[in-house]
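Asks: Following is a predicted model, sequence given first.
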Amino acid sequence: MPAGRSHNTEATIPMKHWIDVVVLAAGRGKRMHSDLPKVLHPIGGRAMLDHVLHTVLELSSLQSAAWELKAIHLVRGFAGDAVKAAVEGLDLQAALREREIALFWHEQQDQRGTGHAVMQAQAALAASGHSLILFGDVPLIEAKSLCEMIGQVFHAGDGSEDRSIMLTAMLDKPKGYGRILRDAENNSVIGIVEERDATEAQRQIAEINSGMMLLPNRHLGRWLAKLSDHNVQGEYYLTDVIAMAHAEGHPVIGFPLSDTLQIQGVNTLAQLMALERAYQRRLADRLLAQGVRIMDPDRFDVRGTVECEAGVCIDVNVVFQGHVLLRRGARIGANCVLIDTEVHNDAEILPFTHCESAIIGARSRVGPYARLRPGTELGEDNHVGNFVEFKAAKTGAHSKANHLAYVGDALIGSRVNIGAGTITCNYDGAHKHQTVIEDDAFIGSDSQLVAPVRVGAGATLGAGTTLTRDAPAGELTVSRAKQATVSGWQRPRKSGKP
C-alpha cells in the first residue's frame, strides 16, 4: 500500500477524548437538620448519590466514537465513611469493571466550596481530556441531557481540547442560584456571579448556573490554583474558572436545559420532599403513557423500581419498594405495599395488603388485609383472604385460604381448601419445620398442623383438629374432645349481683 494512502487512512481515525467524572459529595447539609450526610437522603427510596452514579453508568453506555468515560472521582467529606460504605453497598462494582471505569475516592476534610472540592481530585485527573463536574445532591439529572451537552464540545472538531461547557437553565424565580454572564455582542459565556456577590442588576438575570460543567483538564489545574476565597462566603468557587477561561480566549458554551427539574438540588427537607413528589409524578406520567391506569398520579409512590405491562391498574396510596413487576391486567387496590414482588396476569391485590418477596400467580386474588411474607409463591387462581398470612409457602393452582389463617413453611398442592383459623405450627422454639398438604385436601376451621406433618391427597381434617401425625390420603382425620353437657351447672356470679 502506498505510504501516502496509509497516512490518509490514519488521519480519518477520530480522536478519542477521555472524560473524568468528578462527583462532589462532601457536604453536610446543615439545613437538613440531620446526622445523615445530605447525599444519602433518599429520592424514590434511593440515595440521591445513588441516582447520580447510576446516571453516570447510563451515560457510559451512550458514549460515542468521539469520547469515553475513563474514571469516576468521588469527593467525600462530612461522614465520609458512611458515604463510602453506602456506595460500596450499591450494585455498581460489576458494572464499572465491565465498562473498564475506575472509581477513586478523595477526601475534603474542610468544606470550603466547590472549587476546593475539585482541588482534592485534581492531581488524580488525566493530563488531557475533560472533567465532567456533577453533584451528589442533584439527583434527577439524566444521562441523555449530559450526553447532549458533551456532544456540543466534541462535535465541533478543532479546539475541543480547550473548550468548556456548562449546563444552564432559565428560571422565573432564580433566587439562590449563580447567574450567567454573557457577552453582549456574541452571547458567549464570560462568567458566573454568585447571588450573594451579584449586583442588583445581575440578580435580575433569569439564566442560572446548574453547577454541572465540562472543563478541559489541560487548563483545569492552573485555573484551580488561581482561585481565591475573597468573597462573601469565604469559599473557593469553581464557577470562577469560567471567567478565567474567557480571559484566556478559550471558548465557553452555555447549554440551556429546558427541563429544569433535572438541575434542581436539595438543601432543605422541604426541597427534598418537593423533589420527591415531582419525581413520583414523572414516574406516574411515564407509566400512564405506557397504558398503565393510575387512579391518582399524585398519590403514587415508587421507592425502588416498578415494571408494568399494559392493562395494569393501580389505585391510590400504593407503595412500591425494591423491584416490583406487574404483569398484564394486574390490579392493585388502595393502600397496598408491594416489596420485591411479582404479580402475574389478571391477578388482583385487594386494599390494605402487604406483600414482600412474593410471587402471585395469574388470576389469583389476595386480600383485603392479607400479608404475604418472603418466600411465598402462589399458583394460578389462588384465593388468600382477609387477615391471612403466608410465609415461605408455595401453593398449586386453585387453592384457597379465605379467612384468618397463618400458613408458614408449607408446601400446598392444588385445589386445597384451608379453613378459617387454621395455623401451621412451624416453629418449635429453635427450628422451623415444614407442613405438606397434598392435592384436594380440605382443612377444617380452627385446625392446628404441628410440623413436620403431611396431609395426604384428598384427606379431610375435621374442624378443631390438632394434627401431630400424618393424615392419610382420602380419609377423615379428627382430633377433638368428646362433647358433653353438664346438667344443672351454673355460671359463677359476683357477690351482690342478681
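Replies: Looks like it came in fine. Bear in mind the structure is a predicted one, so any value in this text is a computation, not a measurement.
Asks: how about residue 369, what does it touch?
Replies: Going by CB atoms under 8 Å, 6 or more residues apart in numbering, residue 369 touches 351, 352, 353, 386, 387. The way it works is simple: take the backbone N, C-alpha and C, and place the C-beta from them, glycine included.
Asks: Tell me the gap between stretch 208-224 and the middle of its chain.
Replies: 30 Å (CA atoms, centre = their mean, to the nearest Å).
Asks: Equivalent analysis for stretch 439-458, please.
Replies: 41 Å.
Asks: do stretch 73-83 as well
Replies: Counting by CA atoms, centre = their mean, stretch 73-83 is centred 20 Å from the centre of its parent chain.
Asks: Kindly report the same for stretch 281-288.
Replies: Centroid separation for stretch 281-288 versus its chain: 15 Å, with CA atoms, centre = their mean.
Asks: For that stretch, buried residues please.
Replies: Residues 283, 284, 287 are the ones in stretch 281-288 that count as buried (16 or more other CB atoms under 10 Å).
Asks: Low-confidence ranges, the stretch 351-498 of the chain, go.
Replies: Counting by pLDDT under 70, the stretch 351-498 of the chain contains low-confidence residues at 497-498.
Asks: who's in contact with residue 426?
Replies: Residue 426 touches 408, 409, 410, 432, 433, 434, 435, 451, counting by CB under 8 Å, 6+ apart.
Asks: Just the buried residues from those, in PyMOL please.
Replies: To isolate the buried ones among those in PyMOL, judged by 16+ other CB under 10 Å, type:
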select buried, resi 408+409+410+434+435+451
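Asks: would TSV of the contacts of residue 426 with distance to residue 304 and secondary structure be doable?
Replies: Listed next are the contacts of residue 426 as TSV, based on distance: CB to CB, whole Å; DSSP: H, G, I helix; E, B strand; the rest coil:
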residue	distance to residue 304	secondary structure
408	26	strand
409	27	strand
410	28	strand
432	28	strand
433	33	coil
434	31	coil
435	32	strand
451	34	coil
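Asks: Would you reformat the contacts of residue 426 as TSV and include distance to residue 194?
Replies: As requested, the contacts of residue 426 are arranged in TSV below (distance: CB to CB, whole Å):
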residue	distance to residue 194
408	60
409	62
410	64
432	61
433	67
434	66
435	68
451	68
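Asks: just the contacts of residue 426 now: which is nearest residue 257?
Replies: Taking CB to CB as the measure, residue 408 is the one of the contacts of residue 426 closest to residue 257, at 52.3 Å.
Asks: quick one, what contacts the closest one?
Replies: Listed by CB under 8 Å, 6+ apart, the contact set of residue 408 reads 373, 389, 390, 391, 392, 393, 424, 426, 427, 432.
Asks: ok, now residue 318?
Replies: Residue 318 touches 300, 301, 332, 333, 334, 335, 336, 337, 338, counting by CB under 8 Å, 6+ apart.
Asks: Greatest separation within these: which pair is it?
Replies: The widest separation within these (CB to CB) is 14.9 Å, between 301 and 333.
Asks: which one of those two has more residues nearby?
Replies: The residue with more neighbours, out of residue 301 and residue 333, is residue 333; 21 against 18, by other CB atoms under 10 Å.
Asks: May I ask you to confirm that that one is in contact with residue 354?
Replies: No - the criterion here is CB atoms under 8 Å, and residue 333 misses it with residue 354 at 11.9 Å.
Asks: Quick check: bridge partners of residue 294?
Replies: residue 314 (DSSP bridges).
Asks: pretty sure it contacts residue 300?
Replies: Yes - in this structure, residue 294 is within contact of residue 300 by CB under 8 Å, at 5.6 Å.
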